[in-house]
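**Q** Need coordinates for the below:
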Amino acid sequence: MATALPIRPHEPLAALPDAALAELVARGEPGAFEAVDRRHREHMIAVATRVLGRGGDAEDAVQAAMLRAYLALAEGRRVPALRPWLARIARNAALDMLAARRASAPLGVAAECHAAVEG
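**A** Next up, the predicted model:
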């Protein structure tokens, strides 16, 4: 059984380590996931931007990734290291968006892109 982390009731959430925040999210503590979001969103956007190449799309991917992360943490998922786990979720969400973008591209545009790359 996992050992409970010592959490002082009046300690600001932003001062807590990631593991404590993840535990608080699982307990349903108001504001805990918001602290996770504020701490890691910028890094997640950078990860998604490297995959997608566009800031607006990266924001959308991170929003989807944050929802996935929240649901997993709220269900009590144990995460050994929050930052790389969140980065992986952001990368996967960005890859999902990229795949959807390619699948919905008109065939003519896709053929032109392919021809330009094959050049």
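**Q** Show me the shaky parts of this protein.
**A** Across the chain, the ranges flagged by pLDDT under 70 are 1-11, 105-119.
**Q** May I ask you to name the longest helix in it?
**A** helix 82-104 (DSSP state H).
**Q** Check which helices and strands it is in contact with.
**A** In terms of contacts (3 or more C-beta pairs under 8 Å, 6 or more residues apart in numbering; DSSP states H and E), helix 82-104 is packed against helix 18-27, helix 32-52, helix 55-74. Where C-beta positions appear, they are placed from N, C-alpha and C, glycine not excepted.
**Q** any chance of these in a markdown table, plus distance to Ala94?
**A** Formatted as a markdown table, these follow (distance: least, C-beta to C-beta, whole Å):
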| stretch | distance to Ala94 |
| --- | --- |
| helix 18-27 | 22 |
| helix 32-52 | 4 |
| helix 55-74 | 4 |
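**Q** Of all the ones you listed, which one is nearest Leu95?
**A** With C-beta to C-beta as the criterion, Leu95 lies closest to helix 32-52 of those, at 6.1 Å.
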